[in-house]
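> Here's my sequence, what's the structure:
(chains A, B and C)
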Amino acid sequence: MSASIKNADIPRVGAGTPGGTWLRRYWLPVSRSDEIFDIPKSVKVLGEELVLFRAESGELGLVGQDCPHRGASLEYADVEANGIRCPYHGWLFDVNGNCLEQPSEVKGKEFCWKVRQKAYPTKELGGLVFAYLGPDRSDPPALPNYSPLVDHGGTRMHEPVRYFDYNWFNFFENSADPAHVWILHGESAYGNGSWGSRFFDAKNPPDFEPVETDYGLKIVLSKPAHDKNGFVIDEMSLAFPSILQIGDTEFVHGNADPADLDSRGSNYEHFMFITPCDDQSFMMFTVDYYTGPQSDFFERLKELRKKEIPKHNVKEYDQRPLMPFRGNVRTEDIVTQGTQKLLGDRKEHLGTADRGIIMLRRMVRTAIEDAMLGRTPKGADLSAGKDGIVRIDSFVGLRDSL
Amino acid sequence: MSASIKNADIPRVGAGTPGGTWLRRYWLPVSRSDEIFDIPKSVKVLGEELVLFRAESGELGLVGQDCPHRGASLEYADVEANGIRCPYHGWLFDVNGNCLEQPSEVKGKEFCWKVRQKAYPTKELGGLVFAYLGPDRSDPPALPNYSPLVDHGGTRMHEPVRYFDYNWFNFFENSADPAHVWILHGESAYGNGSWGSRFFDAKNPPDFEPVETDYGLKIVLSKPAHDKNGFVIDEMSLAFPSILQIGDTEFVHGNADPADLDSRGSNYEHFMFITPCDDQSFMMFTVDYYTGPQSDFFERLKELRKKEIPKHNVKEYDQRPLMPFRGNVRTEDIVTQGTQKLLGDRKEHLGTADRGIIMLRRMVRTAIEDAMLGRTPKGADLSAGKDGIVRIDSFVGLRDSL
Amino acid sequence: MSASIKNADIPRVGAGTPGGTWLRRYWLPVSRSDEIFDIPKSVKVLGEELVLFRAESGELGLVGQDCPHRGASLEYADVEANGIRCPYHGWLFDVNGNCLEQPSEVKGKEFCWKVRQKAYPTKELGGLVFAYLGPDRSDPPALPNYSPLVDHGGTRMHEPVRYFDYNWFNFFENSADPAHVWILHGESAYGNGSWGSRFFDAKNPPDFEPVETDYGLKIVLSKPAHDKNGFVIDEMSLAFPSILQIGDTEFVHGNADPADLDSRGSNYEHFMFITPCDDQSFMMFTVDYYTGPQSDFFERLKELRKKEIPKHNVKEYDQRPLMPFRGNVRTEDIVTQGTQKLLGDRKEHLGTADRGIIMLRRMVRTAIEDAMLGRTPKGADLSAGKDGIVRIDSFVGLRDSL
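Below is the predicted model:
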């Protein structure tokens, strides 16, 4: 079906590339709302150099970084009531890229109507600024009301934005690969008696299956329930093109009582929104949403996370640049994903345990082909529930059957 | 006429490029005289790696950096009576690139006559070392007696050499664009009641016209005189290929009384000699010449310049790398020109206010075509006045008519 | 004979290049033995990214850096009893690149037999780890018992490994060029009355001739003996592909009595094993072997070397990056070789004094051609003496005739 699209097409994000054509069919977060001040912010998204700003009117603008007049950088523009003004000759642009003023021209000689700066639609939701870099910018698809970004009675927490200097897909596909959890992370953050130590034991790992969903796919991990009928379930969800929901975070990193799982499941959503900057770097917006009873949940999580800082003493002769990395899921991920070359530039031997990876790549290749043929790629038209919320389901708990 | 030469040809300076062919028809400064010591100085000019030295005899040499014997760098050569000696095998080269000695060869086996190191003619004038990298090096054109470099009863002041890491033409063509002065620089160095505040007021800017001259072009700015007949005039001059004279510096940055303009005009010449190092960097030699009555003129200018250091507090969240920049004409220029991509690599929308830029580029394209066809390009054979001095006129003052 | 191989082919070392094909026919040192700990060591050899490790069993392994499963770096692998284990999914590889375990796969689904990691044979000798990156890895040629690495009654001393950021051949061919010794190094380490001052006097230099040997070539320097019949001899030996033996080190840097030469010759071997990392860098393993009577020879040598640290005051205005360099043979070499461009990328004028260089290059081109045609290149099958030792002879002393 997607015979013409190769794995090597997936990690490239630039305009006109197959992967870039696909990624441009979705809204992607480009900043936290609270990191936009009264100055333009330079952001690189899918290989494009842009500036993001909030006009004094409150409107957000995301426009090309180079001024269309003579090419000076709008990163140093002044933010004004309705837009930004280039410092070089004072041309004023609104959030839609329209040129409003050309004070360098004498009255009557202006040609604002001839000038159009590249501009992308933006929308704010739950503390993030999303942008749409695709076709039909005047009529973009709806921004999904992703559950952790829409108030529904809990507490939302944004982590600091993280920046990575390797290809985004290395991170994304890692979540379709559950085997690495009990091997790479087998000894991290999984204290004795914890849910992690019960479920992600390398000696007795869970079974798993990748399952296609409307938003993408999820990896369903399962183990026969201990002393009960049924199965303990854990899910990792991958929503197209680049969103992750890891269901067990409350139990693994929040250190919730694993016995609770059987009765209540999770009170917690852990979302990672990945936005590629270019082929070699990406940024990540992590949003947590907690609906449980503990009023100090996030304070406790913070304390628990601190204990996951790699603390192994590094031997004197150990000069390896990424040491130490063991003892923290995130540094363990960076040492492995971050040293992989781009998909397509590396040699691989995939096995049965890689069936999640294999299925993900096949689905992405299909989605890329759809995007290139002008069809709607998977996950680009997610429908909301009755409450208007789009959920990337990621179940953790007990089920009678698989 | 110059249909085959494109704007994209202008900023490239390497040997064999159209722009490089043109620039090689003129003398260009490569160092201040007082920055040559008893060691070779590595200089990059028009993309060529060279070393500059003064032999003990006093003669200047500008030769290729790589020794023609086995390619070791002559930057580490020893300066001797008549030339420089490579440290590797002791070959000695005179300032003309002749090989004088080959001590690694036994007597009688030398082949100095077969070896010729690249060498360019140099000349010193008024504290600068000029070089000619063009054809006919044994019979180069005359080095013009540029007025600020030839004593004529005033005081000369050299600024420290400035190095820029963007394309030279961004800087040069900026002076053909007067509109940026009252917009970008509108609030810098133009105190209340100053000539700048009177003439470069963004609300009531002067009119301007580019005018072709023998040396290149000048931008003639004009405003009806206040309470008088006639016009107040200000000129910015661009001499081919890369010299700027800004007439009003005494009144703007020297803070001279603007009323003086009407009676006496300027006592001051402000020259900037631009020498491209390569496509991405250039150096600038700034020479001031003052013929007025104030014995402490340059001390006062220095104090005034100090006040132009950007002093705005930068907000805590403002991490933009070139901040602060406002309040100083030079940092304002760097933030705008320095973020422009190379001419030809950027998209532009030019208007009536850009007529100076448009005319300059057209003239440069013609000059490049002339150089490529072996004709003498504009400004390469400037004739001196009766006093033997070549003047890049740049008038500031009152004129009865335009 | 080797018409198709050009000088420009010599410095390139990558797999598939002519020069790389040649270099892959020899054992090359890749580490000191005592710099391998219980962690993998990242090494770049002939452009290939590898990791070197010693399994707990004691066996050495040199394997490709990228894990063949999904490409994570084995630099962060764990060293185990029989090999190294990738941190990502726990695949275990032995020193031969065999995959021993795939714990990410469920029992019965492993496919170890399908996976083979790149692995190169290694051997330790006299404190160095050698590797063979060539064809026939299951049956590589014998590692020569180079004399300084095989115990024969003296004292061995390894210098710290040196890393250089220029092409390896610049260093190697420098030893086929004796004229640079009395010119570049003429004033370094050659105190009054020393052997160096007697033999390497620029005003009265020795004669020299390059002589082909079984291992490569040597430069035989000679001078009529003072007050005696016969000739004083000094030799510099270049063993293919990249080993140097400088015979006079004891007399020059060890400051031994030059009169001793006439009676006893040298008690000292000074070997430099060069291993190219890539086209732009190489590492060097320096091994000294002393068989003379002084029990504190290496302590004294160390003290004498300290006096060779460049001590010239650098003038305040001298900003050249490699200053100071005079007064030490090694920094003098770096300033000259290290500023040469790659052979083939630089222009040269060679003379009679360069006959060693010319002969070396010709021999290397022939060896490259031999390697490319599947023949055994020069020096790849060195035969040992009766004592089993391979000697790169490098005589210093008195001879009756040349």
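
> buried sites along stretch A:185-193?
Judged by neighbour count (16 or more other C-beta atoms under 10 Å in any protein chain shown), stretch A:185-193 contains these buried residues: A:185, A:186, A:188, A:189, A:190. C-beta here means a position set from N, CA and C on the backbone, and glycine is covered the same way.

> swap in stretch A:197-205?
If you call a residue buried by 16+ other C-beta under 10 Å, then stretch A:197-205 has these buried ones: A:197, A:198, A:199, A:200, A:202, A:205.

> Could I get those residues in CSV, plus columns for secondary structure and pLDDT?
Conversion of these to CSV gives the following (DSSP: H, G, I helix; E, B strand; the rest coil; pLDDT from 0 to 100):
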residue, secondary structure, pLDDT
A:197, helix, 83
A:198, helix, 82
A:199, helix, 86
A:200, coil, 89
A:202, coil, 89
A:205, coil, 92
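
> check those against chain C, which are close?
Checked against chain C using C-beta under 8 Å from any C-beta of the partner chain, those yield the following neighbours: residue A:202.

> now, among the buried residues of stretch A:197-205, which is nearest to chain C?
For chain C, the closest of these turns out to be residue A:202, at 6.8 Å, with distances computed as C-beta to the nearest C-beta.

> Cross-check the contact I'm expecting between the closest one and residue A:184.
No: Residue A:202 is beyond contact range of residue A:184, at 9.9 Å (criterion: C-beta atoms under 8 Å).

> Just after the lowest-mean-pLDDT helix or strand in chain A, pick out the following helix or strand.
Using mean pLDDT, DSSP states H and E, helix A:258-264 stands out as the lowest-scoring helix or strand of chain A, at a mean of 78. Moving toward the C-terminus from helix A:258-264, the first helix or strand encountered (DSSP states H and E) is strand A:268-278.

> which other helices and strands contact that next one?
Packed against strand A:268-278 by the contact rule (3 or more C-beta pairs under 8 Å, 6 or more residues apart in numbering or on different chains; DSSP states H and E) you find strand A:27-32, strand A:41-45, helix A:168-174, strand A:243-246, helix A:249-252, strand A:281-290.

> Quick one: closest of those to residue C:61.
Within those, the stretch nearest residue C:61 is helix A:168-174; the backing value is 26.0 Å (C-beta to C-beta).

> Run the contact check for the closest one versus chain C.
No: for helix A:168-174 and chain C, the contact criterion (C-beta under 8 Å from any C-beta) is not met; the two come no nearer than 8.9 Å.

> For chain A, which segments are assigned as helices?
For chain A, applying DSSP state H gives helices covering A:18-23, A:168-174, A:179-184, A:195-199, A:249-252, A:258-264, A:297-306, A:329-337, A:355-372.

> These: lowest mean pLDDT?
Across those, the stretch with the lowest average pLDDT is helix A:258-264; it has a mean of 78.

> Name the residues of it that are buried.
With burial defined by 16+ other C-beta under 10 Å, the residues of helix A:258-264 counted as buried are A:258, A:260, A:261, A:262.

> next one: stretch A:33-41
For stretch A:33-41, the neighbour count (16+ other C-beta under 10 Å) marks A:36, A:39, A:40, A:41 as buried.

> The first one is in contact with residue A:129, isn't it?
So the one you mean is residue A:36. Yes: when contacts are counted by C-beta under 8 Å, residue A:36 is listed as touching residue A:129 (6.9 Å).

> which residues are common contacts for the two?
Residues touching both residue A:36 and residue A:129 (C-beta atoms under 8 Å, 6 or more residues apart in numbering or on different chains) are A:52, A:60.

> Next up, the contacts around the residue nearest to residue A:297 when sequence neighbours are not counted.
Here the nearest residue to residue A:297 in space, its sequence neighbours aside, is residue A:290; by C-beta to C-beta, 6 or more residues apart in numbering or on different chains that works out to 4.9 Å. Applying C-beta under 8 Å, 6+ apart to residue A:290 gives the contacts A:154, A:155, A:157, A:250, A:267, A:268, A:269, A:297, A:298.

> Out of those residues, flag the one nearest to residue C:281.
residue A:157 (47.1 Å).

> Against chain B, how distant is that closest one?
Per C-beta to the nearest C-beta, to the nearest Å, residue A:157 is found 21 Å from chain B.

> what about the closest residue to that residue other than its chain neighbours, neighbour count?
Excluding its sequence neighbours, the residue lying closest to residue A:157 (C-beta to C-beta, 6+ apart) is residue A:288, at 4.5 Å. The local packing of residue A:288 (other C-beta atoms under 10 Å in any protein chain shown) involves 22 other residues.

> what does the one 3 residues further on give?
In terms of burial, residue A:291 registers 13 neighbours under the definition other C-beta under 10 Å.

> next one: residue A:194
Residue A:194 sits with 18 neighbouring residues when counted by other C-beta under 10 Å.

> And for residue A:165?
Other residues close to residue A:165 by other C-beta under 10 Å number 10.

> What of residue A:155?
Taking other C-beta under 10 Å as the criterion, the count of residues near residue A:155 is 14.

> Show me what it is bridged to.
When bridges are called by DSSP bridges, residue A:155 pairs up with residue A:290.

> residues contacting it?
Contacts were defined as C-beta under 8 Å, 6+ apart; by that measure residue A:155 touches A:289, A:290, A:291, A:297, A:298.

> follow-up on the earlier one: save the buried residues of stretch A:197-205 as JSON lines, and put in distance to residue B:93 too.
Putting the buried residues of stretch A:197-205 into JSON lines (distance: C-beta to C-beta, whole Å) gives the following:
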{"residue": "A:197", "distance to residue B:93": "75"}
{"residue": "A:198", "distance to residue B:93": "79"}
{"residue": "A:199", "distance to residue B:93": "77"}
{"residue": "A:200", "distance to residue B:93": "72"}
{"residue": "A:202", "distance to residue B:93": "70"}
{"residue": "A:205", "distance to residue B:93": "73"}
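
> Would you mind putting the buried residues of stretch A:197-205 into a markdown table with distance to chain B alongside?
Rendered in a markdown table, the data for the buried residues of stretch A:197-205 read as follows (distance: C-beta to the nearest C-beta, whole Å):
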| residue | distance to chain B |
| --- | --- |
| A:197 | 42 |
| A:198 | 44 |
| A:199 | 42 |
| A:200 | 39 |
| A:202 | 43 |
| A:205 | 45 |
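
> Tell me which residue of the stretch 101-250 of chain A lies closest to chain B.
With C-beta to the nearest C-beta as the measure, residue A:104 is the residue of the stretch 101-250 of chain A nearest to chain B, at 3.9 Å.
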